[in-house]
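Visitor: what follows is a protein structure lacking sequence information:
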Ligand SMILES: Cc1ncc(COP(=O)(O)O)c(C=O)c1O
């Protein structure tokens, strides 16, 4: 096998062979010797899997840069390593090396399907969300023409804007923009409704802004989009790192995400409904299968990264002890992570608001634990550099949410973004707050 499925965090493990929880196949996995049953989120247990955090001798950086890319746990790196060192060739049925490749692909489709509550037959795997979205925009636009309309928002990352505006322009279709309220950071569903018409072909909207954390009401938007006879493409890159995704409940026709934002390796995923993908005809070469979803995947997959994706999903499913299917354990984990991250976010937010000259732009009623701040007396880049001298990583910029940054009136320096991830703890927050005090109170 390319890599043993790795379970979630726990004390040092021994290896054994048992029946996988799904009951489908006997697999090797790590069994925890002394599993502690706890209903609370044990962040120390999670952090033990991240050597880069340096909880041993010599403290590593406090990472608030998760929205740009999360840190990777040992079990994910191990799965990538194991896959490369096991026999591996191109996906086929004859040799163990061929079967290992096939297992890596099937494992990742099934893991991502559990993560998103999606059909594994609609999981398209690729290099990045950007690459997959560009490809899909080109494909969907084959059916567009003059008079057709495509809706994008000013809240979105450029990866869910430009692929659609480029494709629309080539097809002669019209682009309609939906704005958000810079004062409240909310994207009003009514504004989306106002942008729809009987010529709307596609609406592209984020499930959570990587700049502000705002979580638009996707189910309500989906109902409107579908009533207008259009398709909904949801950017879930930032959202999937914080919430148990349910693409059925969201009503997304396509949901894009990037495993490197949720503790996995650097690659991208689009989950599409198989019946929506089936009629689409992407440009492809003869060697690519004509099946869905393989039709949308050009060239040889990064098998080792796909094994890492599966390991990341298994790790997420084990963030808190729990029973049941992987999907059920994922839902339990995300509930615990949300609570943990929200508590830390509230600590940071309260402190920031007590500091002189701070503007907090993240204000939406429903949002991820991601805060964007600017300062009356300090350039965000200067604050970021000061934090770095204290080994606290929180970047500043617009984070490719260009339209949103412009709408907020941020200059070229953007804002300071503080994002939380499952491995952040109170000590990280203490370090951040202390470093912010030093920088902002001496203004
Ligand atoms: C919200 C959002 N969408 C899309 C992307 C692009 O993802 P990828 O790097 O996989 O192309 C990012 C990356 O930062 C993001 O934060």
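Guide: Right, received. Where do you want to start? Quantities reported herein were computed from a predicted structural model and do not represent experimental measurements.
Visitor: for the ligand, what are the nearby residues on the stretch 51-200 of the chain?
Guide: Residues of the stretch 51-200 of the chain lying close to the ligand (Cβ under 6 Å from any ligand atom) are 128-130, 157, 159-160. In this view, the C-beta of every residue, glycine as well, is placed from N, C-alpha and C.
Visitor: per-residue confidence at the residue of the stretch 251-400 of the chain found nearest the ligand?
Guide: For the stretch 251-400 of the chain and the ligand, the shortest gap (Cβ to the nearest ligand atom) falls at residue 258, measuring 3.4 Å. Listed pLDDT for residue 258 reads 98.
Visitor: now it: how far from residue 150?
Guide: Taking Cβ to Cβ, to the nearest Å as the measure, residue 258 falls 23 Å from residue 150.
Visitor: cool, residue 189 as well?
Guide: From residue 189 to residue 150 the distance is 18 Å (Cβ to Cβ).
Visitor: who's more crowded, those two?
Guide: residue 150 (27 against 17; other Cβ atoms under 10 Å).
Visitor: for that one, helix, strand, or coil?
Guide: strand (DSSP: H, G, I helix; E, B strand; the rest coil).
Visitor: with adjacent residues omitted, what lies nearest to it?
Guide: Leaving aside its sequence neighbours, residue 150 sits nearest to residue 168 (Cβ to Cβ, 6 or more residues apart in numbering; 4.4 Å).
Visitor: hang on, that neighbour is in a helix, isn't it?
Guide: Yes. Assessed by three-state DSSP, residue 168 belongs to a helix.
Visitor: wait, isn't it in contact with residue 144?
Guide: Yes. Look at residue 168 against residue 144 with Cβ atoms under 8 Å: they come within range, at 6.8 Å.
Visitor: quick check: which ranges of this protein have low pLDDT?
Guide: Applying pLDDT under 70 to the chain flags residues 1-39, 56-58, 443.
Visitor: report the longest helix in it, please.
Guide: Longest helix of the chain, by residue count under DSSP state H: helix 326-353.
Visitor: list the buried residues of it.
Guide: Residues 326-327, 329-334, 336-338, 340-342, 344-345, 348-349, 351-352 are the ones in helix 326-353 that count as buried (16 or more other Cβ atoms under 10 Å).
Visitor: in its sheet, what does the helix or strand that that helix is followed by sit against?
Guide: Toward the C-terminus, helix 326-353 is succeeded by strand 358-360 as the next helix or strand (DSSP states H and E). As defined by DSSP bridges, the strand partners of strand 358-360 come to strand 370-375 (antiparallel).
Visitor: the strand it pairs with to helix 326-353, inter-axis angle?
Guide: Here strand 370-375 points in a direction 20 degrees away from that of helix 326-353 (axes from the mean of the first three to the mean of the last three Cα atoms, to 10 degrees).
Visitor: surely residue 87 forms part of a helix?
Guide: No. Counting by three-state DSSP, one finds residue 87 to be coil, located in no helix.
Visitor: ok, it - how many residues close by?
Guide: 13.
Visitor: for the nearest residue to it once chain neighbours are set aside, what are its contacts?
Guide: Closest residue to residue 87 apart from its sequence neighbours, by Cβ to Cβ, 6+ apart: residue 97 at 3.7 Å. Applying Cβ atoms under 8 Å, 6 or more residues apart in numbering, we find residue 97 in contact with 87-89.
Visitor: list the buried residues of the strand or helix carrying residue 97.
Guide: Secondary structure assignment for residue 97, by DSSP H and E: helix 96-116. Going by neighbour count (16+ other Cβ under 10 Å), the buried part of helix 96-116 is 98-101, 103-105, 107-116.
Visitor: residue 355 against residue 442, yeah?
Guide: No. Contact criterion Cβ under 8 Å: residue 355 and residue 442 do not qualify, at 11.4 Å.
Visitor: out of those two, which sits in the busier spot?
Guide: Neighbours were tallied for residue 355 and for residue 442 using other Cβ under 10 Å; the higher tally belongs to residue 355 (16 against 9).
Visitor: please tell me how far the closest residue to the more buried one other than its chain neighbours sits from the ligand.
Guide: Leaving aside its sequence neighbours, residue 355 sits nearest to residue 440 (Cβ to Cβ, 6+ apart; 4.8 Å). To the ligand, residue 440 is 27 Å away according to Cβ to the nearest ligand atom, to the nearest Å.
Visitor: correct me if wrong: residue 440 contacts residue 356.
Guide: Yes. At 6.3 Å, residue 440 and residue 356 qualify as touching, with contact defined as Cβ under 8 Å.
Visitor: between the two, which one's more packed in?
Guide: residue 440 (20 against 10).
Visitor: can you name the residues that contact the more buried one?
Guide: 355-358, 375, 377-378, 383.
Visitor: got a winner among those for most neighbours?
Guide: Compared across the contacts of residue 440, residue 383 has the highest neighbour count, 23 neighbours, by other Cβ under 10 Å.
Visitor: just checking, that one touches residue 416?
Guide: Yes. With contact defined as Cβ under 8 Å, residue 383 counts as touching residue 416 (5.2 Å).
Visitor: anything in contact with each of those two?
Guide: 375, 396.
Visitor: got the contact list for the residue of the stretch 251-400 of the chain closest to the ligand?
Guide: 128-129, 237, 240, 266-269.
Visitor: tell me which element the closest residue to residue 166 other than its chain neighbours falls in.
Guide: Leaving aside its sequence neighbours, residue 166 sits nearest to residue 137 (Cβ to Cβ, 6+ apart; 7.0 Å). Assessed by DSSP H and E, residue 137 sits inside helix 129-140.
Visitor: and that helix, what other elements does it pack with?
Guide: For helix 129-140, the packing partners by 3 or more Cβ pairs under 8 Å, 6 or more residues apart in numbering; DSSP states H and E come out as strand 123-126, helix 162-171, strand 231-235, strand 254-257, strand 268-272.
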